[in-house]
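sequence and predicted structure are below.
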Amino acid sequence: MLLIAIDTSGRHGSVALCHGGQHSFETLQLMPLEGGTYSARLMPAIAEMLDQHGISKGDLDGFVVVSGPGSFTGLRVGIATVKGLCEVLHKPLTAITMLEAVAIARGPEADEVTVALDAGRGEVYVGDFTVPNSHATCVREYITKLDAFASETAASHRRVLTPDIKVAEALNGIGAAAEHVTPVHADDVGRIGLSKLLAGETIDYAMLDANYIRRSDAEIFAPKR
């Protein structure tokens with residue numbers, strides 16, 4: 001199965017061309033994308049990768065996209081792009097949150113895994129998952145203040161995975177157990193997405209929406225009616 005995996009959720013995104021099956025996976029190419037350039041670079045990057053490997057858009061078998069949480073603008077670009085491609089090419093689509101991706105790609109095989117991502121403004125996105133057999137089931141996802149989360153984590157003695165050094169330092173600084181893991185990129189997302197596509201865990205592109213977790217500034221500061 002040939003697929004394109006897209007992550008435009010954060011300040012540093014990426015897009016990957018991947019190939020695999022039930023018992024194999026290969027990253028054919030991974031391209032980094034800088035935040036602020038997604039709208040200008042995403043489609044050209046996909047076209048460049050396909051051209052370099054002699055693959056046409058029609059040869060693709062599916063798409064994977066990170067649906068959140070993260071940058072409102074970045075998520076909109078990634079989701080709009082994959083929706084357009086799926087509509088034109090009639091290919092299957094699956095979506096994954098970055099919290100889930102970190103839990104699967106960087107977490108141990110365990111009954112419970114907690115992931116924290118820097119949300120800015122002194123806040124963190126948090127996801128609690130069960131991860132049996134490399135398949136994550138979300139218990140809850142929420143946003144909270146970093147200092148409150150650090151205190152709660154220290155008191156509960158739960159272990160947290162985070163790719164953000166700022167979050168790891170804040171948690172470890174008060175005695176909470178935090179493991180600083182390497183960031184997840186589009187090729188990691190592609191590996192997880194391949195398993196979902198092969199298992200038939202797809203989503204109608206018309207129904208796909210971003211999982212922001214936090215409301216946008218426009219919603220927060222809109223005049224009350």
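Yes, it's here.

only C-alpha atoms from now on, for both contacts and neighbour counts.
OK.

now the strands for the protein?
Listed in chain order, the strands of the chain (DSSP state E) span 2-7, 12-21, 24-34, 62-68, 93-97, 110-120, 123-131, 137-145, 159-162, 177-180.

for A210, which of those is the nearest?
Nearest of the strands of the chain to A210, taken as Cα to Cα: strand 62-68 at 4.9 Å.

who's in contact with that closest one?
The contact list for strand 62-68, computed with Cα atoms under 8 Å, 6 or more residues apart in numbering, reads 1-9, 75, 78-79, 82, 86, 91-98, 189-190, 193-194, 197, 209-213.

stretch 108-116 now?
The contact list for stretch 108-116, computed with Cα under 8 Å, 6+ apart, reads 99, 102-103, 107, 124-134, 158-163, 167.

still on that earlier bit, just name the most buried of the strands of the chain.
Neighbour counts (mean count of other Cα atoms under 10 Å) averaged over each of the strands of the chain peak at strand 2-7, with a mean of 28.

elements contacting that strand?
Strand 2-7 is packed against strand 12-21, strand 62-68, helix 186-198, with contacts defined by 3 or more Cα pairs under 8 Å, 6 or more residues apart in numbering; DSSP states H and E.

list the contacts of the first one.
Residues external to strand 12-21 that are found in contact with it (Cα under 8 Å, 6+ apart): 1-8, 25-35, 42, 45-46, 49-50, 185-187, 190-191, 194, 198.

kindly report the same for the last one.
Contacts with helix 186-198, where a contact means Cα under 8 Å, 6+ apart, come from 1, 3-7, 13-18, 20-22, 25, 27, 30, 62-66, 92-96, 101, 104-105, 202.

again, only this time at 7 Å
With contacts defined as Cα atoms under 7 Å, 6 or more residues apart in numbering, helix 186-198 is touched by 5-7, 14-16, 18, 25, 27, 30, 64, 94, 101, 105.

pick out whichever of these sits closest to F149.
Among these, A101 lies closest to F149 (Cα to Cα), at 20.6 Å.

who are the contact partners of that closest one?
V189.

can you give me the domain boundaries for the chain?
For the chain, automatic domain parsing gives the domain ranges 2-98+184-220, 108-180.

what sits against A119?
With contact taken as Cα under 7 Å, 6+ apart, A119 is in contact with Y125.

pull the longest helix from the protein.
helix 72-89 (DSSP state H).

in that helix, what counts as buried?
Neighbour-count burial for helix 72-89 flags 72, 74-83, 85-86 (criterion: 16 or more other Cα atoms under 10 Å).

show me which of the residues you listed is closest to F149.
Of these, the one sitting nearest to F149 (Cα to Cα) turns out to be F72, at 23.1 Å.

distance of that closest one from K83?
According to Cα to Cα, to the nearest Å, F72 stands 16 Å off from K83.

also N133?
To K83, N133 is 30 Å away according to Cα to Cα.

and if you look at A155?
Remark: distance between A155 and K83 (Cα to Cα) = 43 Å.

for K91, same thing?
Noted for K91: a distance of 10 Å to K83, by Cα to Cα.

go on, D188?
With the distance defined as Cα to Cα, D188 ends up 21 Å from K83.

over to M1?
Noted for M1: a distance of 19 Å to K83, by Cα to Cα.

count the residues that sit near Q52.
Counted with other Cα atoms under 10 Å, residues neighbouring Q52 total 9.

if we can go back for a sec, of all the helices and strands packed on strand 2-7, which one is nearest S151?
Closest to S151 of the helices and strands packed on strand 2-7, according to Cα to Cα: strand 62-68, at 25.3 Å.
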